[in-house]
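Q: This is the structure alone, sequence omitted:
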């Protein structure tokens, strides 16, 4: 008859102790990593908002040289002599904003840029970015770049910011 006295291995108590230590180390790592991951996600949103602002600047250049086929007024485009509102969806459809169009169709992503002519020169504009993804919202109003501050980027809530907020309307251009 064979005996197992010479066999070496771990006891159940030793295995449980290792599992508990791993759980503690994982919990500590998660408390450190989650804020960093959330900050990275927020910074990604800020980058997208500033990319929308830059794309709107490109659109205004294209309009100025006559290379942008302006659509009829509607929820994606409104314009008068001093202001233009263009949706992110329209810029994406035209291949100007690097975002897949499917993001706009499922409702998790929407936005617009309101461009205001400032001064007499036809080359001076201010840009207001109003957009959301499924997590964050910005309604940057002072024309500057969007930052990751709590003043510029807020948590998105559909009841506070309904989808119609992100459509271009005549209110955006002052008609």
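A: Happy to help now that I have it. Note that the structure is a prediction, hence the values are computed from the model and not measured.
Q: By mean pLDDT, point me to the weakest helix or strand of this structure.
A: Least confident element among the helices and strands of the chain, by mean pLDDT, DSSP states H and E: helix 102-105 (a mean of 82).
Q: The residue nearest in space to the middle of the chain sits in which helix or strand?
A: By CA atoms, centre = their mean, the chain has its centre lying nearest to residue 45, at 3.4 Å. Element membership for residue 45, per DSSP states H and E: helix 12-64.
Q: Next one: the residue nearest to residue 101 when sequence neighbours are not counted relative to residue 63, how far apart?
A: Once flanking residues are discounted, residue 101 sits nearest to residue 92: 5.3 Å by CB to CB, 6 or more residues apart in numbering. Just so you know, the C-beta spots here come from the backbone N, C-alpha and C atoms, and that holds for glycine as well. Counting by CB to CB, to the nearest Å, the gap from residue 92 to residue 63 is 17 Å.
Q: Over to residue 90?
A: 13 Å.
Q: ok, and the closest non-adjacent residue to residue 166?
A: residue 110 (3.8 Å).
Q: what pairs with the one you found across the strands?
A: Counting by DSSP bridges, residue 110 is bridged to residue 132.
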